[in-house]
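A.B. asks: curious how this folds, go ahead:
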Amino acid sequence: MKLEIVQNEFMKYWSMAERVTGTKSTMATLASVLCVADETGVMLNSTDLKTTIRVKAEGVTVLEPGKAILPLKVVGELFKKIVASPFTVEVDNEKGTISAGRSHYSFTTYNVGDFPDLPSPRAAEEFTRVSAGELSRVLAEGGIAGAPNEDFPKYLSGGLMQIAGGELRVVATDGRRLSLSKTVIENADAASSREMLLPLKSLEEYQRILTSFAPDQEVEVLQDGAVTYFNMPGVQYSVRCIDSKFPNYERILSDTSTTQMQAERAGFMQALDRVNIVVGDNSRVVILTLSPGAGMELSGRAPEIGEANESVDASISGEPLKVAFNIGYLMAGIKAFHGSDVTLAFNGAEGQMMITRPGGTDFIYMLMPIKLKSMDVSETAGES
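C.D. replies: So this is what the prediction gives:
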């Protein structure tokens, strides 16, 4: 195999393949990219055994066809740091060379037969079709409440992808909060229902890939029971499903509330960010005081550090309320969704709080408050 590579064009595709490799695995071939070059071009293949990508690279010319396993530790780093472009890569009998201007490098590779067998969508059935822009949105919004690093229960590290009521829904939870985002699927059967649970880390990586495509690019989603495939021109991304049951989230969603608030999202987020400077490394608690007709006050206290108090313009209706939240969780929900304004619906000081877009239910972020001690309530009331 011999290739001529234009660095700035090729690296976009190499980076996609590189991020899916199993760099922590003891199998050397998993920390590598399988390069297949023929008359149709160059296909880069990589896997960590849970997630796999096949991407057709651009910025590369096939001088001699063939296959080779290119290790990240040497070849990948050289690809990033070589200054001469174009440069050539040649592999013969598991011995490789890179020639870039007057610089030459040699490396050893592996037997192509040692590369793991990659999943194939031949037996897969269509799950849905959705635009890249909408898929990126629902993955980002719907996955925000999950816990990617949790191993038990398994569903905490997964995002539920569900077709129900003619919609594609993505749902995640870490047991203390829940996020749900959905989009209408054209020509979908409203009575049809199906679902799968996928690793959040794999879905987060796929969001990065989606940013390389036009928002209106159609994504074909296939599923064969054990593996889910996301197909776009030149890129096939596959993920092994999590063998676990996601909780029945719909039974905990409620439309009832005692206090409602609408605020400008950016201003609210900036005020929280300033309070977080004081409490972020300590108590991590922010207290919201909502007064109908008078706006909202934010407060936070960290022993031996200081206090923070902010006023935020907001439209508030219902009952007056003083309620506390983990500030990191609250900021995550407000930051996650796309929109200029945000609506919060509260169910008292100890009931669930729901964040939505004004007038819409295509995004829901549910968060449980922190129970305020009587001392916290009286001290805050006394200061105000």
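
A.B. asks: so what's the residue nearest to Asp38 when sequence neighbours are not counted up against?
C.D. replies: Leaving out its chain neighbours, the residue that sits closest to Asp38 by Cβ to Cβ, 6 or more residues apart in numbering is Pro65, at 4.7 Å. Every residue, glycine included, has its C-beta placed from N, CA and C. Listed by Cβ atoms under 8 Å, 6 or more residues apart in numbering, the contact set of Pro65 reads 1, 37-39.

A.B. asks: list only those of those flagged as buried.
C.D. replies: By neighbour count, with 16 or more other Cβ atoms under 10 Å, these hold 1, 37 as buried.

A.B. asks: any chance of the contacts of Pro65 in JSON lines, plus distance to Met331?
C.D. replies: Below are the contacts of Pro65 laid out as JSON lines (distance: Cβ to Cβ, whole Å):
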{"residue": "Met1", "distance to Met331": "49"}
{"residue": "Ala37", "distance to Met331": "47"}
{"residue": "Asp38", "distance to Met331": "49"}
{"residue": "Glu39", "distance to Met331": "52"}
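
A.B. asks: for the contacts of Pro65, which one is nearest Tyr365?
C.D. replies: Ala37 (46.3 Å; Cβ to Cβ).

A.B. asks: so the closest one versus Asn8, what's the distance?
C.D. replies: Using Cβ to Cβ, to the nearest Å, Ala37 is found at 20 Å from Asn8.

A.B. asks: what does Ile287 give?
C.D. replies: From Ile287 over to Asn8 (counting by Cβ to Cβ), the distance is 51 Å.

A.B. asks: higher neighbour count, the two?
C.D. replies: Ile287 (23 against 8; other Cβ atoms under 10 Å).

A.B. asks: and the residue nearest to Asp38, how far from Phe107?
C.D. replies: Distance of Pro65 to Phe107, computed by Cβ to Cβ: 20 Å.

A.B. asks: what about the nearest residue to Gly133 once chain neighbours are set aside, how many residues close to it?
C.D. replies: In space, and not counting its chain neighbours, Gly133 is closest to Pro215: 2.9 Å by Cβ to Cβ, 6+ apart. Pro215 is flanked by 13 other residues according to other Cβ under 10 Å.

A.B. asks: Pro215 contacts Leu135, doesn't it?
C.D. replies: No: with contact defined as Cβ atoms under 8 Å, Pro215 does not reach Leu135; the gap is 9.6 Å.

A.B. asks: state the distance from the residue nearest to Asp38 to Ala28.
C.D. replies: With Cβ to Cβ as the criterion, Pro65 and Ala28 are 24 Å apart.

A.B. asks: do the same with Tyr237
C.D. replies: Distance from Tyr237 to Ala28, by Cβ to Cβ: 23 Å.

A.B. asks: which residues in the stretch 51-200 of the chain form helices?
C.D. replies: Shown for the stretch 51-200 of the chain, the helices assigned by DSSP state H, counting those that start in this stretch span residues 77-81, 132-142, 200-210.

A.B. asks: list the contacts of the first one.
C.D. replies: Under the contact criterion Cβ under 8 Å, 6+ apart, helix 77-81 has outside partners 5, 7, 10-11, 14, 98, 105.
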